[in-house]
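Requesting a structural model of the entry that follows:
(one chain, ligands or ions: 3)
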Amino acid sequence: MTEFFADIPKLAYQADATDEFAFRHYNPDEVILGRRMEDHLRFAVCYWHSFAWPGGDPFGGQTFKRPWFGETMDHARLKADTAFEMFRILGVPFFCFHDADVRPEGGSFAETTRNLEEITEYFAAKMEAGGPKLLWGTANLFSNRRFMAGAATNPDPDIFAYAAATVKTCMDTTHRLDGANYVLWGGREGYETLLNTDLRREMEQMGRFLSMVVDYKHKIGFKGTILVEPKPQEPTKHQYDYDVATCYGFLQRFGLEKEVKLNIEQGHAILAGHSFEHELALAASLGVLGSIDMNRNDYQCGWDTDHFPNSVPEVALAYYEILRAGGFTTGGTNFDAKLRRQSLDPEDLILAHAGAMDVCARGLKAAAAMLEDGKLEAARAARYAGWDRPEAQAMLASDLESIAADVEARGLDPQPVSGRQERLENLVNRFF
Ligand code: XLS
Ligand code: NI
Ligand code: NI
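Ligands and ions are numbered 1, 2, ... in the order given. So this is what the prediction gives:
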């Protein structure tokens, strides 16, 4: 037991709770569409925002004072004790971390790796003692100054080497902890100015890097999914993994579209000029929907502010796409979300997650009800019904000349039909 969360009870589901410290909607054992709610949502707490981020913004530094802040192994263990305490209070089934979140950087690559291995064993013991599982591990290839010009895409081959070696250690760690996935987010894999950038080289380096990751996964027998996380920009001006469509084209180019899936983040979708549900639906249609980072941005300020989600309709439309795609397999709902820098108290950290879990639970229930009701899917099916006719399918195997002859022979004069958007929006609104 650590002091930090002393006096905070373990949260439980209580629909009519009057106290703040309860779930009103997240009921892990409730069965929805034949699956327990916990197994649908597969919540994960992220280590970086909750335990490593000091509360800074571009105009000011640290606001949080945490007893585990510091660059020693003792600090790292205290951080782990506190983190696992929070996982227990929330009852989350998973967590996620970067190497840099959990261990101090050593004086050499070898020492840094030893620190990571030591904390990995510390985690393993806690996980065996009933702690949550690992949804994914990842390498932080963007904070240290050595990565300022990129990791895999760096103009310096020694930095590529350092990044590759670091990813190897993080994959080993993730494998040791039986992670369900391994994530690559290319925070610095992009450019600041085209004036000093060789796009062709950088993309080729990135493709080779990802191929090596996939090869190593098979070599060590890691059974989890390799996930790439799209983001259009920030910290770089332009990031190569811009959005789902861009990532898919990249994967295809390097023959990796059957090996790698995507970890789609709400805030990143918005930064790319899309909606979250657009990115999810597109990934599902391409067969690369892997996992989600759940958060939201401040819609006025245009940054990746990583707020906790709080809009049930938005979340419901996202889970609707996930349910339509058959639900998560190895993926889950990782809260890539952080407190506002004025939210200083331990209670803030717990209740931010509790509220977000309830929002997701409400969204999931609404999405499941929409699917069960079936009217939306029936309307979609009716809209495309013409394509179910054998002649329509045969046309796709035909050619322009034959189609033109057929149009003439049938005297075709097709009339448009209503898309009924407002009626569908009314239908959807009944579920929130
Ligand atoms: C940053 C990303 C990052 C990844 C993991 O914007 O969302 O947190 O999820 O490296
Ligand atoms: Ni993320
Ligand atoms: Ni993000």
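
going forward, measure contacts between C-alpha atoms and count neighbours the same way
OK.

hey, which helix is longest across the chain?
Criterion DSSP state H: the longest helix present in the chain is helix 346-373.

Quick one: list the elements packing against the helix or strand that residue 117 is a member of.
In this structure, residue 117 sits in helix 109-128 according to DSSP states H and E. Secondary-structure packing of helix 109-128 (3 or more CA pairs under 8 Å, 6 or more residues apart in numbering; DSSP states H and E): helix 73-90, helix 99-102, helix 157-176.

and it, which residues are buried?
Under the neighbour-count criterion of 16 or more other CA atoms under 10 Å, helix 109-128 has 112-117, 119-120, 123-124, 126-127 buried.

Stretch 307-324 too?
Going by 16+ other CA under 10 Å, stretch 307-324 has these buried residues: 307-310, 312-323.

Figure out how far it is from the centre of its chain.
Centre-to-centre, stretch 307-324 and its host chain are 13 Å apart (CA atoms, centre = their mean, to the nearest Å).

Check stretch 300-315 too.
14 Å.

Same check on stretch 13-32?
With CA atoms, centre = their mean, you get 24 Å for stretch 13-32.

how about it as PDB, C-alpha atoms only?
C-alpha atoms of stretch 13-32 as PDB (Å, rounded to 0.1, in the frame of the first residue of the first chain):
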ATOM      1  CA  TYR A  13     -20.800  -0.600  -9.700                       C
ATOM      2  CA  GLN A  14     -23.800   1.000  -8.000                       C
ATOM      3  CA  ALA A  15     -26.500   2.300 -10.400                       C
ATOM      4  CA  ASP A  16     -28.100   4.600  -7.800                       C
ATOM      5  CA  ALA A  17     -24.900   5.700  -6.000                       C
ATOM      6  CA  THR A  18     -25.000   9.100  -4.300                       C
ATOM      7  CA  ASP A  19     -21.200   9.000  -3.600                       C
ATOM      8  CA  GLU A  20     -18.700  10.100  -6.300                       C
ATOM      9  CA  PHE A  21     -16.600   7.000  -5.800                       C
ATOM     10  CA  ALA A  22     -18.700   4.500  -7.700                       C
ATOM     11  CA  PHE A  23     -19.500   3.400 -11.200                       C
ATOM     12  CA  ARG A  24     -23.100   4.200 -12.300                       C
ATOM     13  CA  HIS A  25     -22.800   2.600 -15.800                       C
ATOM     14  CA  TYR A  26     -19.600   0.500 -15.900                       C
ATOM     15  CA  ASN A  27     -20.800  -2.900 -14.700                       C
ATOM     16  CA  PRO A  28     -18.000  -5.400 -15.700                       C
ATOM     17  CA  ASP A  29     -20.200  -8.500 -15.500                       C
ATOM     18  CA  GLU A  30     -23.200  -7.100 -17.300                       C
ATOM     19  CA  VAL A  31     -23.700  -9.100 -20.500                       C
ATOM     20  CA  ILE A  32     -24.200  -7.100 -23.700                       C
END
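
Can I get the helices and strands packed on helix 109-128 in TSV including distance to residue 224, mean neighbour count and mean pLDDT?
Listed next are the helices and strands packed on helix 109-128 as TSV, based on distance: least, CA to CA, whole Å; neighbours: other CA atoms under 10 Å; pLDDT from 0 to 100:
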stretch	distance to residue 224	mean neighbour count	mean pLDDT
helix 73-90	22	19	98
helix 99-102	18	23	98
helix 157-176	8	19	99
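
Could you count how many residues lie near residue 387?
Neighbour count for residue 387, taken as other CA atoms under 10 Å: 15.
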